[in-house]
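Q: no sequence on this one, just coordinates:
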């Protein structure tokens, strides 16, 4: 079965009291196409999870001035004209929201998603978790200049020995970790096992010492392939190191930390949740799930320099550092999408000369926060591929056209 577009007939995946075998989600394929089109809105039915409470704070309203963006055109990755409507269809969109100049000007749902649906964020989770780290830095509970091993002494005997918290926030530690999504025996493949997302199947190499939880994998990573601070290399496990630091310092588990320091403070409309591993640890690197509108509220908080109703939820210094911090390291692969970009505090910086920051996740998750356009865009998707350069460029080009032309 191939991934279906929103305009096509939706197959009855997991429908009925007892779905037929061919329409049940395979355990080790739930996050892959075509199953991800159903699974990313139903993760709680597949994996163990931990709730992130939104609390009793008054819901932060999102004023609306809805405009029809369907026929707005932009230049696509191949140089031809493409409409927003076509981009939404071709990039397997589940939810799409544009907040500009203080109002929601577009909000649409597809593939069975609705305003109360919670959707897997993949690596957008990294930015959510790092924001709470930023709050803790503002509260003097964490110091980005401090060694990681100060907070987690066990890491003196790993590749993180000598790395600072800032190195890990910027993914510039020298720890050796392979992010090969399609290779089940790569380090990120082992993370799939450690996180509880996948099981060790019979076809896997049984001689490998598979980690049983994320902490097991962290302490197993002994090697470096670069001096700390000398290169940027995108490695998901760095986000989980940050989360373990946060848990150690606070004495709270990650889901409670995100709830008390962020989700209860932003006027969220719904609870969120993380997937958890066999030890009960919430997966910082990719396991966060929330609604389209609550992801937008998170982005708007950054757009407003961390302020909500005159209350500083995220330290302004953290927001400023994330958008304009003096960090020049990047890699050739990332420069294909962001030629003048960088990575800071678990956010992608689109252009070193501007302030736009981006939260990104595989299969097409994005929160686009642009002070230049006074705009936040959220797009939740289920691409048939982990990454797709054309889908990424077309999404970004569409957002630039919206930012330039609409009020």
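A: Everything's here; your move. None of these values were measured; they are calculated from a predicted model.
Q: which other helices and strands does the strand or helix carrying residue 126 contact?
A: Assigned by DSSP states H and E, residue 126 falls within helix 124-138. Contacts defined by 3 or more Cβ pairs under 8 Å, 6 or more residues apart in numbering; DSSP states H and E place helix 124-138 against helix 237-250, helix 254-258, strand 288-290, helix 292-303, helix 316-324, strand 357-361, strand 365-370. (Each C-beta comes from the backbone N, C-alpha and C, glycine too.)
Q: how about CSV for these, with distance to residue 331 and mean neighbour count added?
A: CSV is the format used below for those (distance: least, Cβ to Cβ, whole Å; neighbours: other Cβ atoms under 10 Å):
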stretch, distance to residue 331, mean neighbour count
helix 237-250, 14, 23
helix 254-258, 28, 24
strand 288-290, 25, 28
helix 292-303, 24, 23
helix 316-324, 19, 18
strand 357-361, 15, 23
strand 365-370, 20, 24
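Q: mind putting those in TSV, mean pLDDT included?
A: Shown next, in TSV, are these (pLDDT from 0 to 100):
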stretch	mean pLDDT
helix 237-250	98
helix 254-258	98
strand 288-290	99
helix 292-303	98
helix 316-324	97
strand 357-361	98
strand 365-370	98
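Q: show me where the stretch 301-407 of the chain has helices.
A: 316-324, 332-335, 389-405 (DSSP state H, counting those that start in this stretch).
Q: next one: the longest one to chain centre, how far?
A: Going by Cα atoms, centre = their mean, to the nearest Å, the spacing between the C-alpha centre of helix 389-405 and its chain's C-alpha centre is 19 Å.
Q: quick one: list the elements packing against that helix.
A: On a contact count with 3+ Cβ pairs under 8 Å, 6+ apart, helix 389-405 meets strand 73-75, helix 84-90, strand 93-100, strand 365-370, strand 375-381.
Q: quick one, which of the helices of the stretch 301-407 of the chain is nearest to residue 226?
A: Closest approach to residue 226 among the helices of the stretch 301-407 of the chain (Cβ to Cβ): helix 332-335, 14.8 Å.
Q: neighbouring contacts of the closest one?
A: Contacts to helix 332-335, defined as Cβ atoms under 8 Å, 6 or more residues apart in numbering, come from residues 232, 234, 341, 343, 348.
Q: ok, now how distant is residue 358 from residue 329?
A: In this view, residue 358 and residue 329 are 17 Å apart by Cβ to Cβ, to the nearest Å.
Q: and what of residue 304?
A: 28 Å.
Q: how many other residues sit next to residue 81?
A: Residue 81: 9 surrounding residues under other Cβ atoms under 10 Å.
Q: please name the residues that touch it.
A: So residue 81 contacts 73, 74, 75 (Cβ under 8 Å, 6+ apart).
Q: count of residues packed around the last one?
A: Yep, that's residue 75 we're talking about. 15.
Q: skipping its backbone neighbours, what lies nearest it in space?
A: Closest residue in space to residue 75, ignoring its immediate chain neighbours: residue 397 at 6.1 Å, by Cβ to Cβ, 6 or more residues apart in numbering.
Q: that neighbour reaches residue 76, doesn't it?
A: Yes. Assessed by Cβ atoms under 8 Å, residue 397 is found in contact with residue 76 at 6.7 Å.
Q: now the helices for the stretch 101-250 of the chain?
A: For the stretch 101-250 of the chain, the helices defined by DSSP H, counting those that start in this stretch occupy 124-138, 148-151, 165-169, 187-194, 214-220, 237-250.
Q: figure out which of the ones you listed is closest to residue 290.
A: Nearest to residue 290 among these is helix 124-138 (8.2 Å), distances taken as Cβ to Cβ.
Q: for stretch 383-391, which outside residues touch it?
A: Contacts to stretch 383-391, defined as Cβ under 8 Å, 6+ apart, come from residues 2-3, 33-34, 76-78, 90-92, 181-182, 336-337, 362-364, 381.
Q: quick one: the helix holding residue 126 to chain centroid distance?
A: Its chain's average C-alpha position is 12 Å from that of helix 124-138, according to Cα atoms, centre = their mean.
Q: for residue 33, which residues are in contact?
A: By Cβ under 8 Å, 6+ apart, the contact list for residue 33 reads 2, 3, 382, 383, 384, 385.
Q: buried subset of those residues as a ChimeraX selection?
A: Remark: buried members of these, expressed as a ChimeraX selection using 16 or more other Cβ atoms under 10 Å:
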select :3,382,383,384,385
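Q: pLDDT-wise, what's the bottom of the contacts of residue 33?
A: Checking pLDDT across the contacts of residue 33, the minimum falls on residue 2 at 90.
Q: dump the residue contacts of the closest residue to it other than its chain neighbours.
A: Among residues not flanking residue 2 along the chain, residue 34 sits closest, at 6.0 Å (Cβ to Cβ, 6+ apart). Taking Cβ under 8 Å, 6+ apart, we find residue 34 in contact with 1, 2, 3, 4, 11, 13, 384.
Q: how near is residue 34 to residue 178?
A: Using Cβ to Cβ, residue 34 is found at 26 Å from residue 178.
Q: do the same with residue 134
A: Remark: distance between residue 134 and residue 178 (Cβ to Cβ) = 28 Å.
Q: and these two? which has more neighbours close in?
A: When neighbours are counted by other Cβ under 10 Å, residue 134 and residue 178 differ, and residue 134 comes out ahead with 25 against 14.
Q: does that one touch residue 345 like I think?
A: Yes. Counting by Cβ under 8 Å, residue 134 touches residue 345, with 6.7 Å between them.
Q: where do the contact lists of the two overlap?
A: Each of 318, 322 lies in contact with both residue 134 and residue 345 under the rule Cβ under 8 Å, 6+ apart.
Q: what pLDDT does the residue nearest to residue 75 get?
A: So residue 397 comes in at 98 (pLDDT).
Q: mark which of the contacts of stretch 383-391 are buried, thanks.
A: Neighbour-count burial (16+ other Cβ under 10 Å) applied to the contacts of stretch 383-391 gives 3, 33-34, 76-77, 90-92, 181, 337, 362-364, 381.
Q: now these in CSV, with distance to residue 284?
A: Shown next, in CSV, are these (distance: Cβ to Cβ, whole Å):
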residue, distance to residue 284
3, 28
33, 25
34, 27
76, 34
77, 32
90, 31
91, 26
92, 25
181, 18
337, 23
362, 15
363, 18
364, 20
381, 21
